[in-house]
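J.: fold the following and give me the result.
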Amino acid sequence: MTTSTAATLANVVASPPSGRAKAVVFDHHEYAASVILRGHTVPWDNATAYAAFFSQAQGLLGPDIALLDLKRLYDHLTAGNTGLETAMAARSRTGYALRTLLADNDTNKAVLEFATVFAQTARQPVVLRIPSPMEWLIATHRFGGADNLSELVADDAENASMYVSDWLRAFAALPVAGLLLDNRAPDEGLGRVPVALEAYSPIANVTRNYRWTLGQLDDEQVRLQADTAVGGYIPPEFWLDPDVELPSADFYLAEIPRSARPEDVLLRLDALR
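T.: Next up is the predicted model:
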């Protein structure tokens, strides 16, 4: 099934609907949880309530994109699920745990229902963010009894991308503008095998068929497939200090820290115009 959207992430980067000179993708989760929820639990178990919370945050910031981080949703849904963890640990074969996770019917149903509500209520083009196949492989590798990540190689990540591409087909009917693979290393010093975006051809085939823009978040920049635009990360200090300048980039991804003050954030938003 092939779907299309009125806008793709590449379109948004080329012509930001916010009117900014450069498009901004906001990850405002931590900031919004602090400012809007004020210590209350993020309503992951109620998609409608989450959509309202998210929309309120979007209204404060005027973004170009509605970013749904599915890793956070997966972390919530799988926390304490001993049955799923046991199933993931049933084989030591590399990639088995990730394949089992992505094939779990109950989790998949919950994720799809959540994403559907989110996509249908979002006022901006929707972009999904997931771990890159290598990062998702690393995160699940321990369930097979492996403690040494050095045994993972680029070929393992390419194989894992086939599991991810099959899983992505569940989102075919949703109005999605893009998919970002988060390839940033969460921990320093663990030694990551570099895997280029081009290695994930199964995922590229799916996103091309659905007319989604595919991109990858690396440690230094954001790359979009078949696009010359390069994204940069707005440093957290930008929201805390008026003297911090924006990096050179064609568009930005901004993670607003929980500690940022609303009045300072509003002032710094003016610098993005």
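J.: what residues of stretch 21-36 count as buried?
T.: Buried residues in stretch 21-36, counted by 16 or more other CB atoms under 10 Å: 22-29, 31-36. C-betas here are computed from N, CA, C, even on glycine.
J.: what of stretch 174-188?
T.: L174, P175, V176, A177, G178, L179, L180, L181, D182, N183, R184.
J.: ok, the second one to G80 distance?
T.: Just to be clear, that refers to P175. Distance, P175 to G80, using CB to CB, to the nearest Å: 32 Å.
J.: R142: which of the buried residues of stretch 21-36 is nearest?
T.: Closest approach to R142 among the buried residues of stretch 21-36 (CB to CB): H29, at 25.0 Å.
J.: residue contacts, that closest one?
T.: Applying CB atoms under 8 Å, 6 or more residues apart in numbering, we find H29 in contact with V42, D69, R72.
J.: could you give the bridge partners of the second one?
T.: The one in question is D69. Using DSSP bridges, the beta-bridge partners of D69 come out as R129.
J.: any idea of the pLDDT on it?
T.: On pLDDT, D69 comes in at 97.
J.: please tell me how far it sits from L152.
T.: D69 sits 23 Å away from L152, going by CB to CB.
J.: now do the last one
T.: Using CB to CB, we find R72 at a distance of 24 Å from L152.
J.: so D69 and L152 - more neighbours on which side?
T.: Applying other CB atoms under 10 Å to D69 and L152 shows that L152 carries more neighbours, namely 21 against 17.
J.: got the buried residues of stretch 21-36 as a markdown table, with secondary structure and pLDDT columns?
T.: Shown next, in a markdown table, are the buried residues of stretch 21-36 (DSSP: H, G, I helix; E, B strand; the rest coil; pLDDT from 0 to 100):
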| residue | secondary structure | pLDDT |
| --- | --- | --- |
| K22 | coil | 95 |
| A23 | coil | 96 |
| V24 | strand | 96 |
| V25 | strand | 96 |
| F26 | strand | 96 |
| D27 | strand | 96 |
| H28 | coil | 95 |
| H29 | helix | 95 |
| Y31 | helix | 95 |
| A32 | helix | 95 |
| A33 | helix | 95 |
| S34 | helix | 94 |
| V35 | helix | 94 |
| I36 | helix | 95 |
